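Asker: Take a look and give me a structure for this.
(one chain, ligands or ions: 2)
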Amino acid sequence: MTTNQGLSADQIQTAVETIKRNRPAYGSLLDFYGQVFSAQEESKNSVQLDPVLIADEVLSAKRQERLPLIDLAEFKIDITPAAELFHKLCRISEKADSEMVSSVLTIGEALNSNQLDLETLFKAILEVDDAFFETTAKRIGVAGQALAFLTYSSINPCIVMCAEQLSTYLKTDTPWKEGYCPVCGCLPAVSALEDEGGRFLFCSFCWHRWQAPRVRCPFCGNADNQKLHYFFDEKEKEYRVDVCDSCNKYIKTVDTRKIDRPLYPPLEQVSTLHLDIIAREKGLESGSHLPIDV
Ligand SMILES: [Zn+2]
Ligand SMILES: [Zn+2]
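Answerer: Residues are numbered from 1 along each chain as shown. Ligands and ions are numbered 1, 2, ... in the order given. From the prediction side, this is the model:
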C-alpha cells in the first residue's frame with residue numbers, strides 16, 4: 001500500500017497542464033496549487049525523520065480494535081525543511097492571484113518580528129488545536145484559514161513520508177474495510193477507481209491510499225446498494241460523485257481508467273471544486289474535511 005503521491009515536480013506540472021487545458025476556468029488556481037505541490041515534493045528531498053515505532057502488542061491491540069496506527073500528535077516533523085517550505089509557500093502565495101496575499105504579507109512581518117513561532121504552529125496542527133489558530137490569527141490580524149493552510153501545507157511532506165513509513169505496519173493480507181485512514185484515522189478526501197474495478201480511498205490528512213469495498217459508504221458504512229448512487233457530468237466522464245442516502249454525504253471519485261495523466265490525488269481534489277458546488281446545491285454534505293479547517 002502506498003500513498004500514491006511522490007510524483008516528480010515535472011509529472012505534477014504535466015498533470016496540472018492537462019487539467020488546465022480541459023478546464024481553463026481553473027487556470028490561476030491550478031497555477032498556484034501546481035507550485036505548492038511541486039514545492040512540497042521537492043521539500044521531501046531535505047526531510048529526515050526517525051521512524052515511528054509501534055510495539056508488537058500495541059500493534060495487535062490496534063488491529064483487534066480496528067484502530068488507526070497512530071494519533072495525529074504522533075506524526076514526526078523535521079522542523080528545518082518544514083520551516084523552509086513555509087517561507088517558500090509564503091513567497092508563492094504572495095505572487096498568486098489569491099485572497100491570501102494580504103494575510104501572507106502580514107504573516108511574513110509577524111515571522112520577521114518573532115511574533116510567530118513555526119514549531120508551535122506545526123504542533124498545533126497535529127494537536128488539532130483550532131482555538132490556538134483562531135487566537136493566533138486574530139492576534140496578528142490575518143485570516144485563520146490562511147495561517148492553517150500554510151502551516152498544514154508546510155508539514156505535509158513530513159506527514160506523507162511518515163505515513164509511508166508507518167504503512168509498512170499494515171497487513172496486506174487482512175484488508176482494512178473501514179472508511180477512515182488505517183494510518184491516522186482521518187476521513188478520505190477523494191476516491192479512485194482503478195483497473196479490475198478496485199476502489200481506493202485517499203486520506204485527507206496523510207494521503208495514505210487504501211483499498212476499500214466498492215459498494216460501501218466510507219462515512220457511515222452503509223453497504224445497501226439501493227441507498228448508494230452517483231452522479232456525473234457527461235463532459236467529464238473521469239469523475240463521478242458518490243452519494244450515500246443514509247448519511248447524505250458524498251465523496252468525489254476519479255476513474256483512473258479514463259484519465260491520461262498521472263494521478264496526483266491532491267490535485268484532483270482542488271481541480272474538482274465545481275463538483276463540490278453542485279453537490280452542495282443538491283443539499284449534500286462533503287464527508288471529507290481536514291481535522292483543522294484549512
Ligand atoms: Zn491518514
Ligand atoms: Zn453514508
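Asker: Touching stretch 122-140 from outside, list them.
Answerer: 72-73, 75, 77, 79, 82, 106-107, 110, 115-116, 120-121, 143-144, 146-148, 151-152, 154-155, 291-293 (CB atoms under 8 Å, 6 or more residues apart in numbering). The way it works is simple: take the backbone N, C-alpha and C, and place the C-beta from them, glycine included.
Asker: what about 7 Å?
Answerer: Outside stretch 122-140, the residues within contact range by CB atoms under 7 Å, 6 or more residues apart in numbering are 72-73, 75, 77, 82, 106, 110, 115-116, 143-144, 147-148, 151-152, 155, 291-292.
Asker: That stretch close to ligand 1?
Answerer: No - on the criterion CB under 5 Å from the ion, stretch 122-140 is out of touch with ligand 1, staying 12.3 Å away.
Asker: Could you tell me the end-to-end distance of that stretch?
Answerer: Length of stretch 122-140, first residue to last, CA to CA, to the nearest Å: 17 Å.
Asker: Off-centre distance for it?
Answerer: Here stretch 122-140 is found 19 Å from its chain centre; the criterion is CA atoms, centre = their mean, to the nearest Å.
Asker: That one: which residues count as buried?
Answerer: Of the residues in stretch 122-140, those buried under the neighbour-count criterion (16 or more other CB atoms under 10 Å) are 122, 123, 124, 125, 126, 128, 129, 132, 133, 136, 137, 140.
Asker: now do stretch 274-292
Answerer: Within stretch 274-292, the residues that qualify as buried are 275, 276, 279, 284, 286, 287, 288, 290, 291, 292, counting by 16+ other CB under 10 Å.
Asker: Same check on stretch 224-236?
Answerer: Buried residues in stretch 224-236 (16+ other CB under 10 Å): residue 228.
Asker: and what of stretch 35-46?
Answerer: Buried residues in stretch 35-46, counted by 16+ other CB under 10 Å: 35, 36, 37, 38, 39, 40, 41, 43, 44.
Asker: does residue 183 really touch residue 167, like I thought?
Answerer: Yes - using CB atoms under 7 Å, residue 183 is in contact with residue 167, at 6.2 Å.
Asker: These two: which is more packed in?
Answerer: Between residue 183 and residue 167, counted using other CB atoms under 10 Å, the more crowded position is residue 183 (29 against 19).
Asker: which SSE is that one in?
Answerer: Assigned by DSSP states H and E, residue 183 belongs to no helix or strand.
Asker: Could you do residue 200 as well?
Answerer: In this assignment (DSSP H and E), residue 200 forms part of strand 199-203.
Asker: ditto for residue 243
Answerer: Using DSSP H and E, residue 243 sits in strand 239-244.
Asker: picking that back up, now, the buried residues of stretch 274-292 that are in helices?
Answerer: Taking DSSP state H as the definition of helices, the buried residues of stretch 274-292 contribute 275, 276, 279.
Asker: What residue, apart from its backbone neighbours, is nearest the residue of the stretch 51-200 of the chain found nearest ligand 2 spatially?
Answerer: The stretch 51-200 of the chain approaches ligand 2 most closely through residue 179 (8.4 Å), counting by CB to the ion. For residue 179, ignoring the flanking residues on the chain, the nearest one in space by CB to CB, 6 or more residues apart in numbering is residue 218 at 3.0 Å.
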